[in-house]
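S.K.: Just the structure for this:
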Amino acid sequence: MINEVLIPILELFANLIITVVIVQFVLGLLISFNVVSFHNQFVSALWTALNAILDPILAPIKRRMPNTGGIDFSPIVLILLINVALIILSYVGRQVG
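M.R.: You can find the predicted model right below:
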């Protein structure tokens with residue numbers, strides 16, 4: 001049961017979060033290099049929405065990480081933690097189910 005229903009749903013949710021992290025990263029790069037501008041209403045709304053989704057998840061990671069200057073490694077840590085959690089869940093699901 002766990003292998004057949006719960007783990008695929010959690011994998012889908014994890015992949016969605018990873019995709020949102022990557023979209024936020026790419027949009028941040030585009031904004032930093034002035035390819036897109038905050039003056040564009042769509043870009044501003046998208047950036048605000050992505051930050052509203054990811055800030056509650058990334059904030060605890062940012063608090064525990066050392067200061068690395070201008071580089072934020074918390075999205076990478078989040079992606080790694082999600083993948084580790086998926087590996088553990090699939091292992092537990094194989095043992096239980």
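S.K.: could you point out the longest helix in the protein?
M.R.: Assignment by DSSP state H gives helix 7-32 as the longest helix of the chain.
S.K.: Now the next helix or strand after that helix: average pLDDT?
M.R.: Sequence-wise, the next helix or strand downstream of helix 7-32 (DSSP states H and E) is helix 41-64. When pLDDT is averaged over helix 41-64, the result is 94.
S.K.: Could you find the closest non-adjacent residue to the residue nearest the centre of the chain?
M.R.: Among the residues of the chain, the one closest to the centroid is residue 21, at 3.6 Å (Cα atoms, centre = their mean). Sequence neighbours aside, residue 75 is the residue nearest to residue 21 in space, at 4.8 Å (criterion: Cβ to Cβ, 6 or more residues apart in numbering). Just so you know, the C-beta spots here come from the backbone N, C-alpha and C atoms, and that holds for glycine as well.
S.K.: residues near residue 35, how many?
M.R.: Counted with other Cβ atoms under 10 Å, residues neighbouring residue 35 total 10.
S.K.: got a list of what the residue nearest to the centre of the chain touches?
M.R.: Residues in contact with residue 21, defined by Cβ atoms under 8 Å, 6 or more residues apart in numbering, are 54, 75, 78, 79.
S.K.: Just the residues you listed: which are in strands?
M.R.: Residues of those located in strands (DSSP state E): none.
S.K.: what's in contact with the one helix or strand in the chain whose mean pLDDT sits lowest?
M.R.: Lowest mean confidence among the helices and strands of the chain (mean pLDDT, DSSP states H and E): helix 74-96, at a mean of 90. For helix 74-96, contacts defined as Cβ under 8 Å, 6+ apart pick out 2-3, 6-7, 10-11, 14, 17-18, 21, 24-25, 54, 57-58, 61-62, 65.
S.K.: ChimeraX command to pick out the buried ones of these?
M.R.: Paste this into ChimeraX to select the buried members of the contacts of helix 74-96, with burial taken from 16 or more other Cβ atoms under 10 Å:
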select :7,10,14,18,21,24,54,57,58,61
